[in-house]
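> For reference, the sequence and a predicted model appear below.
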Amino acid sequence: MQTTITLNNEIKIPQVGLGVFRATDSEAQTAVTWALETGYRHIDTAKIYGNEAGVGRAIADSRIPREEIFITTKLWTEDIRQKHVKAAFEKSLTALHTNYINLYLIHWPAAGFADAWQVMEELYQQGKIRAIGVSNFHTHHLEELAKVQTIKPAVNQIESHPYFSNQKLIEDCQTAGIPIEVWSPLGGKAAMPLVDPVIVALAEKYQRTPAQIIIRWHMQRGVIVLPKSVHRERIISNFNVFDFQLTPEDMQSINALNRNQRVGSDPDHFDF
Ligand code: A2P
């Protein structure tokens, strides 16, 4: 059974979603088609990925009722800087062939994010977005946002995988009532944790794939997890994670793999 997490505005989000970063428009279309066939009901894209249209075509072609699918997309930094929030949002809606977004995120904490947030709050109040959140925010960005927000971010989507657990930020957000979503959950493009001996041994033990072990680790940490793949077999197996559990000891042995080794940018040093 697919698990869901309840966001701080009572909206439910499926805990495992398909990520489509680095997928072309047509790759995203086929990946989303396969994912929906598999049972995924949560797709995570972004304007900057350049594949919202492919995601939108796959959703439309699936004939699955729109209200059964959770779509996330993200506001790009250039649109924050140029104060084009509404126009960027409308473009994403058009590309995705939909009239509302389930979750709209500030992609990176670019200068001007507090102003952008206020516009997102308006779109939320108008019902065009079901939940608004942020991505790649450190605690100090969340504190800055808190000075202007009237709505608390529904999520913070951040990098996390066994080599960069990001545990402190996860716990700080969870304590503050901000659920966490994780990107590059398998370790990103190179996916190095998939061949880590500890992960491989656990895969043997549970008779699962290394990716399933890592996805399950994230789930048991209580985070929303967005594994990316454009391969059908992987999309299917990455979703086959609802019928087993890692022991607390095995969770600990994955926690111990942390090396504070990011695969993406540090939000404090992102080149905007
Ligand atoms: P591909 O799309 O070619 O399958 P992330 O950590 O960002 O989710 O990325 C995981 C990377 O590992 C992707 O580049 C993806 O590439 C690959 N991948 C996804 N699922 C699996 C899997 N089950 N086994 C091996 N590699 C995977």
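Great, that's in hand.
> Provide a list of residues in contact with Ile129.
89, 100-104, 120, 123 (CB atoms under 8 Å, 6 or more residues apart in numbering). Using the backbone N, CA and C atoms, a C-beta is placed for each residue, glycine as well.
> What of Lys152?
8, 146, 177-178.
> give me the beta-bridge partners of the nearest residue to Lys12 once chain neighbours are set aside?
Spatially, and ignoring its direct neighbours in sequence, Lys12 is nearest to Thr4 (4.5 Å; CB to CB, 6 or more residues apart in numbering). In this entry, Thr4 is beta-bridged to Pro14, by DSSP bridges.
> Now stretch 68-81: buried residues?
69-77, 79-80 (16 or more other CB atoms under 10 Å).
> If you could redo that for stretch 194-206, that was the one I meant.
194, 196, 198-199, 202-203, 206.
> could those residues go into CSV alongside secondary structure and pLDDT?
Shown next, in CSV, are those (DSSP: H, G, I helix; E, B strand; the rest coil; pLDDT from 0 to 100):
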residue, secondary structure, pLDDT
Leu194, helix, 98
Asp196, coil, 98
Val198, helix, 98
Ile199, helix, 98
Leu202, helix, 98
Ala203, helix, 98
Tyr206, helix, 98
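> Show me what the mean pLDDT comes to for the one helix or strand Arg234 maps to.
Per DSSP states H and E, Arg234 falls inside helix 232-238. Across helix 232-238, pLDDT averages out at 98.
> Touching it from outside, list them.
16, 18, 31, 34-35, 38, 40, 209, 211-212, 215, 227, 229.
> ok so, going back, near the ligand, which of the buried residues of stretch 194-206 show up?
Filtering these for proximity to the ligand by CB under 6 Å from any ligand atom leaves Leu194.
> Pro248: which of the buried residues of stretch 194-206 is nearest?
Leu202 (13.2 Å; CB to CB).
> Help me confirm that Glu181 is found in a helix?
No. Going by DSSP: H, G, I helix; E, B strand; the rest coil, the assignment for Glu181 is strand, not a helix.
> what are the bridge partners for it, then?
Judged by DSSP bridges, the bridge partners of Glu181 are Gln157, Ile224.
> just checking, it touches Ile224?
Yes. Between Glu181 and Ile224 there is a contact under CB atoms under 8 Å: 4.1 Å.
> so what sits against both of the two?
Contacts common to Glu181 and Ile224, judged by CB under 8 Å, 6+ apart, are 17, 155.
> can you give me the strands for the chain?
Using DSSP state E, the strands of the chain run over residues 4-6, 12-14, 18-19, 42-44, 70-75, 101-106, 129-135, 156-159, 180-183, 224-225.
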